[in-house]
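# Fold the following for me, if possible:
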Amino acid sequence: MDNDLSTIIRRRRSVRRYQPRPVEHALLWQVLEAGLWAPSPHGRMPWRFVVLTRAEPKLALAESMGAEWRRQLAFDGQDSSVIETRARKSHERIAQAPAIIIPCLYLGDLDVYPDADRNAAEATMAVQSLG
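As a prediction, the model looks like this:
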């Protein structure tokens, strides 16, 4: 198998339909462990992961995300029928997913640098590195 990063990215899939069966806990742990290998500043590993497998939390997430997305789409001037169609499909995808992993960034473990010039320079470097 070719592990060239650009090839892996180009061949990835966006899954929008899920099989109605639970994800094995061992597989979830394997995915979470892979996430722990991501590089982090000064080895601080500031991420946390939330795993949703029960229906109630997935529905709450779908409702909350849907409300905000509807608001943003309306602000962007989208037609109400387009908004409802997109929000409904999103709600279905979230609610029907057998498991959801939400990566979170915990800033409390990171160093804080009060130097405004340094912060601006780092932001500029980050933008520049993206091309």
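
# contacts and neighbour counts: CA atoms only from here.
Noted.

# List the contacts of Gly66.
Residues near Gly66 by C-alpha atoms under 8 Å, 6 or more residues apart in numbering: 87, 90-91.

# no, scratch that, I was asking about Arg93
16-17.

# What helix or strand is it located in?
Applying DSSP states H and E as the criterion places Arg93 in helix 80-96.

# quick check, nearest of the contacts of Gly66 to Asp4?
Closest approach to Asp4 among the contacts of Gly66 (C-alpha to C-alpha): Ser90, at 31.4 Å.

# so how far is the lengthiest helix in the chain off the chain centroid?
In the chain, taking DSSP state H as the definition, the longest helix is helix 55-75. Using C-alpha atoms, centre = their mean, to the nearest Å, the mean C-alpha position of helix 55-75 is found 14 Å from that of the whole chain.

# That one to helix 80-96, inter-axis angle?
Orientation note: helix 55-75 sits at an angle of 160 degrees relative to helix 80-96 (axes from the mean of the first three to the mean of the last three C-alpha atoms, to 10 degrees).

# Could you check helix 55-75 and say which residues are buried?
Neighbour-count burial for helix 55-75 flags 58-59, 61-63, 65-66, 69-70, 73 (criterion: 16 or more other C-alpha atoms under 10 Å).
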